[in-house]
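*Asks:* here is a sequence with its predicted model. Questions after.
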Amino acid sequence: MILWRKGLVVNVLEERSGMQVLQVQTDRLMHPAEGGTIVHGEVSVRAVHYTDVLPKAAPGDEVMLNGTASVMGLGTGGVDFVAGFCGISEGKQLSVPVKLPDDPREAGHLMKLRYTPLQRAVVSVEAPESPHHGLFQEPLSLCGTPVLIGELHSMLPAAVCRIRQQQPGASVAYVMTDGGALPAAFSRHIAALRGLGWLRGTVTCGHAYGGDLEALNKFTALLAAKHVLGADIIIAAMGPGIAGTGTEFGHTGMETAELIHAAAALGGQPVLMPRLSGGDSRARHQGVSHHLRTVLTKAALAPAAVPLPGGLAPQEQQRLAQELGAAGQPHVRHAFPRMPHIAQEEIRLSQADYPIAVTTMDRGLADDPIFFEAVCASADYALSRLP
């Protein structure tokens, strides 16, 4: 099901490489449960417009919006997206000029978003047309590189800020999986971290696209981060957003088990950043998220280090140990190093020069300090594993 509506661009609110955020006057589209009624010209909405395949929008343009997730009130994907132009302002070309190479394969012969109207050709890092193709024909490993694995995109900036604070010379690359947003352009954090020079680069894998390098899968993405981007530490996590159903296995966070397997199989050191919370209103995510428990007890078949923060009261430490079963049989393959306490002020200072407020599920450091301490403790552990 897709809920479509037309709208008129009123203003360009934000613009960065590959995307615009627009203010659009549009029809009010009611939820299907309310009868699916369309009331014309009633609301002003924020809409994301990707400019890699369509021209930039300007006030006066008439656009077609995919309003499915926003009308349904969803968190993941919960904004309007421009799907195309219905009418354009005077003197504007609707098509994006494209210069085709003499050999079409130079543009890449591998498709992402395959078999959809938006499928796109990419030069995948391991493909024959890539300058790095020869590298991937050689035996490769991660050579013991720590791989910081996260479930949520918000873990990326928190970890990078901490690494920079503790060891500014460490080279960090980001592998963006396809468990959340697919376009790298949607992430404000990628743009900010690359602009600051705090990330060596981004590899988008699976059907995620738009990174500095494209890769077909998690394995080649990790190898590209190491051998093409030259990472000392690799951070692997999905883009913004996570999809879930409130059931044991029904969430895209299950991919963290796959990342543990890939990092271990390639000779890296998997370090899982634990999703802990003292501020989440949902019981299943309080303390140790049920996502993390499922991954550790039932899905991750290779061992990983799961660093635990030291800033916990004794009763909280006991609860954490009980929920993780750190001494129990289901977790015998994993290690749970207890890290020194990191004060909130120290975490705040690590993010002081970062231009975007780092939040997780709309909660900042003051709202959920244990989440941020767990990420920073994991970053410290990864740094301790460098040669």
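*Replies:* Received the coordinates, thanks.
*Asks:* which secondary element of the chain has the worst mean pLDDT?
*Replies:* One helix or strand of the chain scores below all others by mean pLDDT, DSSP states H and E: helix 314-324, with a mean of 75.
*Asks:* domain ranges for this protein?
*Replies:* 4-87, 139-384 (automatic domain parsing).
*Asks:* for S124, which of those domains is the nearest?
*Replies:* Counting by CB to CB, S124 lies closest to domain 139-384 out of the domains of the chain; the figure is 4.9 Å. (C-beta placed from N, C-alpha, C; glycine too.)
*Asks:* nearest to S130, of the domains of the chain?
*Replies:* With respect to S130, and counting by CB to CB, the nearest of those is domain 139-384 at 8.8 Å.
*Asks:* and that closest one, how far apart are its ends?
*Replies:* In domain 139-384, first residue to last residue: 27 Å (CA to CA, to the nearest Å).
*Asks:* now it, how far from the centre of its chain.
*Replies:* 10 Å (CA atoms, centre = their mean, to the nearest Å).
*Asks:* helix, strand or coil for K6?
*Replies:* Secondary structure, DSSP: H, G, I helix; E, B strand; the rest coil: K6 is strand.
*Asks:* from A69, how far out is it?
*Replies:* 18 Å (CB to CB, to the nearest Å).
*Asks:* show me where the stretch 101-250 of the chain has its strands.
*Replies:* For the stretch 101-250 of the chain, the strands defined by DSSP state E, counting those that start in this stretch occupy 110-112, 120-122, 146-149, 172-177, 201-205, 213-215, 233-238.
*Asks:* tell me which strands and helices the first one is in contact with?
*Replies:* Spelled out, that is strand 110-112. Counting contacts by 3 or more CB pairs under 8 Å, 6 or more residues apart in numbering; DSSP states H and E, strand 110-112 is packed against strand 120-122.
*Asks:* and the strand it packs on, how far out from the chain middle?
*Replies:* Chain-centre distance of strand 120-122: 20 Å, with CA atoms, centre = their mean.
*Asks:* how about residues contacting it?
*Replies:* The contact list for strand 120-122, computed with CB atoms under 8 Å, 6 or more residues apart in numbering, reads V53, A107, G108, H109, L110, M111, K112, L113, Y209, E214.
*Asks:* give the buried subset of those as a ChimeraX selection command.
*Replies:* If you want just the buried ones from the contacts of strand 120-122 in ChimeraX, going by 16 or more other CB atoms under 10 Å, the selection is:
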select :108,110,112,113,209,214
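*Asks:* would a markdown table of the contacts of strand 120-122 with distance to I342 and pLDDT be doable?
*Replies:* As requested, those are exported to a markdown table (distance: CB to CB, whole Å; pLDDT from 0 to 100):
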| residue | distance to I342 | pLDDT |
| --- | --- | --- |
| V53 | 43 | 82 |
| A107 | 46 | 71 |
| G108 | 43 | 85 |
| H109 | 47 | 86 |
| L110 | 42 | 91 |
| M111 | 44 | 92 |
| K112 | 38 | 95 |
| L113 | 40 | 93 |
| Y209 | 35 | 97 |
| E214 | 35 | 98 |
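*Asks:* quick check: the farthest pair among the contacts of strand 120-122?
*Replies:* Largest separation among the contacts of strand 120-122 by CB to CB: V53 and H109, giving 17.9 Å.
*Asks:* R200 is in contact with V228, isn't it?
*Replies:* No. If you go by CB atoms under 8 Å, R200 and V228 don't touch, sitting 9.7 Å apart.
*Asks:* who touches both of those two?
*Replies:* With CB under 8 Å, 6+ apart, R200 and V228 have no common neighbours.
*Asks:* follow-up on the earlier one: tell me what the least confident helix or strand of the chain is packed against?
*Replies:* Here helix 314-324 touches strand 287-288, helix 290-294, going by 3+ CB pairs under 8 Å, 6+ apart.
*Asks:* 10 Å - rerun?
*Replies:* Here helix 314-324 touches strand 276-277, strand 287-288, helix 290-294, helix 369-384, going by 3 or more CB pairs under 10 Å, 6 or more residues apart in numbering; DSSP states H and E.
*Asks:* residue ranges with poor pLDDT in the stretch 1-150 of the chain?
*Replies:* 29-41, 75-77, 88-106 (pLDDT under 70).
*Asks:* list just the nearest of the contacts of strand 120-122 to D80.
*Replies:* Looking across the contacts of strand 120-122 and measuring by CB to CB, the closest to D80 is V53, at 17.3 Å.
*Asks:* centroid residue for this protein?
*Replies:* A centroid search over the chain (CA atoms, centre = their mean) returns G239, at 1.8 Å, as the residue closest to the centre.
*Asks:* can you name the residues that contact that residue?
*Replies:* 153, 156, 174, 176-187, 189-190, 202, 204, 208, 210-211 (CB atoms under 10 Å, 6 or more residues apart in numbering).
*Asks:* out of the residues you listed, which are inside helices?
*Replies:* In this view, the contacts of G239 that belong to helices under DSSP state H are L156, H189, I190.
*Asks:* and G7, how close does it get to M64?
*Replies:* 8 Å.
*Asks:* and L320, by the same measure?
*Replies:* In terms of CB to CB, L320 sits 49 Å off from M64.
*Asks:* higher neighbour count, these two?
*Replies:* Neighbours per residue, other CB atoms under 10 Å: of L320 and M64, the larger number sits with L320, 21 against 16.
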